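Peer 1: Any chance you can model this:
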Amino acid sequence: MNRAEHLQWCKDRALEYADAGDGASAIASLRSDLGKHEDTAGSVPLVDELMFPLMLNGHLDTPRELRKFIEGFG
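Peer 2: Take a look at the predicted model:
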């Protein structure tokens with residue numbers, strides 16, 4: 001699986017959680033799955049840097065907001 005395919009797989013899995021309203025699991029899934037491929041593992045700190053502050057400040061509270069962020073990640 002190349003980088004683009006793996007990234008899409010990561011997003012798809014995270015979006016399942018986001019659509020179910022489980023933002024914490026969506027973020028955890030994205031972080032974990034990115035770390036499973038050598039070409040995306042370097043993106044894990046970016047998730048921490050971008051997503052956690054947004055989530056803590058209430059900017060990713062709805063499935064729609066979280067979906068928008070995940071789809072645009074990469």
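Peer 1: list the buried ones in the helix or strand bottoming out on mean pLDDT in the chain?
Peer 2: Lowest by mean pLDDT, DSSP states H and E among the helices and strands of the chain is helix 44-56, with a mean of 85. With burial defined by 16 or more other C-beta atoms under 10 Å, the residues of helix 44-56 counted as buried are 47, 51, 55. C-beta coordinates here come from the backbone N, C-alpha and C atoms, glycine included.
Peer 1: same question, stretch 13-22
Peer 2: The neighbour-count check on stretch 13-22 (16+ other C-beta under 10 Å) flags 13, 14, 15, 17, 18 as buried.
Peer 1: farthest-separated two in these?
Peer 2: Greatest spacing in the buried residues of stretch 13-22, by C-beta to C-beta: 13 and 18 (10.0 Å).
Peer 1: Longest helix in this protein, please.
Peer 2: Using DSSP state H, we find that the single longest helix of the chain is helix 3-19.
Peer 1: list the helices and strands the least confident helix or strand of the chain packs on?
Peer 2: helix 23-34, helix 63-72 (3 or more C-beta pairs under 8 Å, 6 or more residues apart in numbering; DSSP states H and E).
Peer 1: what about 6 Å?
Peer 2: Where contact means 3 or more C-beta pairs under 6 Å, 6 or more residues apart in numbering; DSSP states H and E, helix 44-56 is packed against helix 23-34.
Peer 1: Can you give me the buried ones in the helix it packs on?
Peer 2: 23, 26, 27, 29, 30, 31, 33, 34.
Peer 1: And for stretch 55-65?
Peer 2: Judged by neighbour count using 16+ other C-beta under 10 Å, the buried positions of stretch 55-65 are 55, 60, 63, 65.
Peer 1: Export only the CA atoms of that stretch, formatted as PDB.
Peer 2: Below are the C-alpha coordinates for stretch 55-65, written out as PDB (Å, rounded to 0.1, in the frame of the first residue of the first chain):
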ATOM      1  CA  MET A  55     -10.800  19.500  20.100                       C
ATOM      2  CA  LEU A  56      -9.900  20.900  23.500                       C
ATOM      3  CA  ASN A  57     -11.300  24.300  22.500                       C
ATOM      4  CA  GLY A  58     -14.500  22.900  21.200                       C
ATOM      5  CA  HIS A  59     -13.800  23.300  17.500                       C
ATOM      6  CA  LEU A  60     -14.300  19.700  16.700                       C
ATOM      7  CA  ASP A  61     -17.400  19.000  18.800                       C
ATOM      8  CA  THR A  62     -19.700  17.900  16.000                       C
ATOM      9  CA  PRO A  63     -19.300  14.900  13.700                       C
ATOM     10  CA  ARG A  64     -19.500  17.400  10.800                       C
ATOM     11  CA  GLU A  65     -16.600  19.500  12.100                       C
END
